[in-house]
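> quick one, what's the 3D model for this:
(one chain, ligands or ions: 1)
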Amino acid sequence: MLMANLNGLRVHYTDQGDPDGPALVFANSLGTDLRLWDQVLPLLPAGLRIIRYDKRGHGLTEVTPGPYKMGTLVADLEGLLDHLKVRDCLLVGLSIGGMIAQGLAVKRMDLVRAMVLSNTGAKIGTADMWDERIAAVRAGGIEALADAIMQRWFSAPFHQTDAFHAWRNMLVRQPLEGYAGCSAAISGTDFYTPTSGLRLPALGIAGSEDGSTPPDLVRETIDLIPGSKFELIRGAGHLPCVENPEDYARILTGFIRDTGHV
Ligand SMILES: O=C(O)CCC(=O)CC(=O)O
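The predicted structure follows:
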């Protein structure tokens with residue numbers, strides 16, 4: 001079990017693959033932990049150093065009292081990469097993880113040489129929407145919202161699978177304070193201007209059935225970065241790395257190779 005103590009926050013992470021290989025770093029979405037990438041990792045090319053982590057208030061990372069700021073979540077990942085002496089990584093961020101990726105690329109170009117913005121946006125939802133969600137979660141727990149969240153996360157056929165129930169369990173077992181804290185960070189984030197200034201290889205990935213960050217939002221965001229590419233995974237919702245890991249890994253592998261990362 002790997003834990004890093006970063007300015008007093010104990011962060012859970014994994015560091016797998018070739019320790020001397022180019023680094024591929026994953027940042028998870030709201031209400032998920034690093035198991036989000038379990039099915040994609042075995043399908044990726046050999047020779048990479050693969051780092052995953054649980055963001056603040058999620059998984060096995062410590063929970064601090066919310067609300068959180070996006071700058072704090074960005075600084076947490078910055079601290080982890082500095083701690084692990086990672087430079088020039090290919091950073092894959094899904095949803096809030098994609099916001100963290102945008103923030104880190106703007107702040108520390110030495111850490112991020114290429115970026116995948118998956119099922120995310122420069123801005124996600126409205127402040128009113130997030131205020132309502134935070135109030136609902138504080139009143140009734142994540143369970144009270146779980147059915148609606150699962151509708152956005154997964155396409156209808158996936159709801160009939162056994163795996164669906166495992167992912168629902170993962171969601172409702174996330175710490176409430178972490179979920180609410182990160183929701184506040186999303187609410188306060190609008191990266192349109194800073195992301196427009198980014199110049200690095202970038203790929204957007206969307207799911208055709210994504211009810212949280214629909215394909216148009218992902219495309220609008222990735223189009224802010226000149227020369228970027230966009231891929232749509234048909235039939236998948238907000239978490240295509242879970243619903244269709246084969247297509248996700250194929251697209252990611254193509255980008256890894258195109259950018260000369262392995
Ligand atoms: O998944 C995220 O990180 C935030 C976007 C969202 O609203 C997810 C959901 O539908 O619950």
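> and G178, what does it touch?
Listed by Cβ atoms under 8 Å, 6 or more residues apart in numbering, the contact partners of G178 are 55-58, 63, 66. Every residue, glycine included, has its C-beta placed from N, CA and C.
> how about 10 Å then?
With contact taken as Cβ atoms under 10 Å, 6 or more residues apart in numbering, G178 is in contact with 30-31, 33, 54-59, 61-64, 66, 68, 142.
> quickly find the element holding it.
Following DSSP states H and E, one finds G178 within helix 176-187.
> report how many residues lie close to the spatially closest residue to R250 that is not a sequence neighbour.
Distances taken as Cβ to Cβ, 6 or more residues apart in numbering put L43 closest to R250, at 7.7 Å, once the chain neighbours are dropped. Counted with other Cβ atoms under 10 Å, residues neighbouring L43 total 14.
> so what strands line up beside the strand ranked longest in the chain?
In the chain, taking DSSP state E as the definition, the longest strand is strand 9-17. Paired with strand 9-17 in the same sheet, following DSSP bridges, are strand 2-6 (antiparallel), strand 49-53 (antiparallel).
> assign a three-state SS to A146, would you?
helix (DSSP: H, G, I helix; E, B strand; the rest coil).
> which residues touch the residue of the stretch 51-200 of the chain found nearest the ligand?
Using Cβ to the nearest ligand atom, the single residue of the stretch 51-200 of the chain nearest to the ligand is S95, 2.9 Å away. Contact analysis of S95 by Cβ under 10 Å, 6+ apart lists 27-32, 36, 117-121, 124, 153, 182, 186, 210, 212-213, 238-239.
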